[in-house]
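K.L.:
heads up, no residue letters with this:
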């Protein structure tokens with residue numbers, strides 16, 4: 001009976017961990033550019049859509065493109081990635097394109113991470129108008145200048161990398177090992193006024209949540225049944 005309890009406890013623990021991952025994915029279903037974590041059971045990845053690519057328990061399939069008509073919203077058309085700077089100074093990679101200019105005049109995304117350009121984090125001087133080209137070039141109309149007086153500020157760094165080497169750290173950032181290199185990606189383009197959504201399918205995640213809850217209930221019931229069987233066996237032995 002101890003073996004049955006052990007198996008049920010192990011299964012319940014794995015199911016709880018899987019539910020936590022699934023809940024995190026579902027909570028980010030509306031987060032631009034989010035890449036869902038995969039759920040593993042006995043080495044198998046659960047919840048992967050056909051055609052998706054996976055590595056290190058992250059689903060790298062693309063999200064759906066959504067037109068926003070907002071100048072600072074950009075989506076990557078291709079396999080490239082944007083380089084960003086994390087709060088601790090690491091270089092991470094993302095396809096999240098809901099850009100904005102922070103209080104210090106630096107270009108960042110919706111999670112507050114600085115966007116890296118040709119010479120590090122991109123700073124934007126005061127401007128009247130701003131536009132982002134398909135190659136990532138950022139041009140502004142300086143305040144007080146005519147509409148035709150556009151000045152190039154910097155260029156968003158689009159890189160090609162070994163996607164199989166990407167891993168997600170505890171803070172949710174996609175990083176590369178130190179020995180991995182990136183190269184400029186000339187084949188990818190930025191689509192202004194567009195966002196790439198999360199690759200989480202909310203309906204699938206909800207169905208999975210229900211399924212995992214049922215699995216957990218069944219494992220708890222197995223432990224209760226094992227305990228009842230132990231009590232019954234002990235009663236039989238006492239009678240003898």
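P.N.:
Happy to help now that I have it. Small disclaimer: the values here were computed from a predicted structure and weren't measured. Numbers count the residues shown, from 1 in each chain.

K.L.:
Run a quick neighbour tally on the nearest residue to residue 169 once chain neighbours are set aside.
P.N.:
The spatially closest residue to residue 169, leaving aside those adjacent along the chain, is residue 175, at 5.7 Å (CB to CB, 6 or more residues apart in numbering). In this view, the C-beta of every residue, glycine as well, is placed from N, C-alpha and C. By other CB atoms under 10 Å, 17 other residues sit near residue 175.

K.L.:
what do you get for the one 4 residues further on?
P.N.:
Burial measure for residue 179: 6 neighbouring residues, criterion other CB under 10 Å.

K.L.:
what do you get for residue 220?
P.N.:
15.

K.L.:
Look up phi and psi at it.
P.N.:
phi -60, psi -40 (degrees, to the nearest 10).

K.L.:
Surely it touches residue 12?
P.N.:
Yes - at 6.3 Å, residue 220 and residue 12 qualify as touching, with contact defined as CB atoms under 8 Å.

K.L.:
what are the bridge partners for residue 76, then?
P.N.:
residue 190 (DSSP bridges).

K.L.:
My read is that it contacts residue 97, right?
P.N.:
Yes - with contact defined as CB under 8 Å, residue 76 reaches residue 97; the gap is 7.0 Å.

K.L.:
So residue 100 versus residue 118, what's the distance?
P.N.:
Look at residue 100 and residue 118: by CB to CB, to the nearest Å, they are 20 Å apart.

K.L.:
same question, residue 151
P.N.:
15 Å.

K.L.:
With residue 142 instead?
P.N.:
Residue 142 is 20 Å from residue 118, where distance means CB to CB.

K.L.:
These two - which one has more neighbours?
P.N.:
Set residue 142 next to residue 118 and count neighbours by other CB under 10 Å: residue 142 wins out with 15 against 12.

K.L.:
List the residues that contact the more buried one.
P.N.:
Taking CB atoms under 8 Å, 6 or more residues apart in numbering, we find residue 142 in contact with 125, 126, 127, 128, 149, 151.

K.L.:
Make a ChimeraX selection of the buried ones in these.
P.N.:
Buried subset of the contacts of residue 142, written as a ChimeraX selection, criterion 16 or more other CB atoms under 10 Å:
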select :127
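
K.L.:
Residue 198: which of the contacts of residue 142 is nearest?
P.N.:
Using CB to CB, residue 127 is the member of the contacts of residue 142 that sits closest to residue 198, with 30.5 Å.

K.L.:
who's the closest one bridged to?
P.N.:
Counting by DSSP bridges, the residues bridging with residue 127 are residue 142.

K.L.:
just the helices in this structure please.
P.N.:
Secondary structure of the chain, counting by DSSP state H: helices at 2-27, 202-239.

K.L.:
What are the buried residues along the shortest one?
P.N.:
So that's helix 2-27. In helix 2-27, counting by 16+ other CB under 10 Å, buried: 5, 8, 11, 12, 14, 15, 18, 19, 21, 22, 25, 26.

K.L.:
how much space between residue 217 and residue 23?
P.N.:
17 Å.

K.L.:
Could you do residue 166 as well?
P.N.:
23 Å.

K.L.:
One more: residue 151?
P.N.:
Where residue 23 is concerned, residue 151 sits at a distance of 46 Å (CB to CB).

K.L.:
cool, and residue 182?
P.N.:
Distance from residue 182 to residue 23, by CB to CB: 32 Å.

K.L.:
same thing with residue 127?
P.N.:
41 Å.

K.L.:
Over to residue 38?
P.N.:
14 Å.

K.L.:
any idea which helix or strand of the protein has the worst average confidence?
P.N.:
strand 54-55 (a mean of 38; mean pLDDT, DSSP states H and E).
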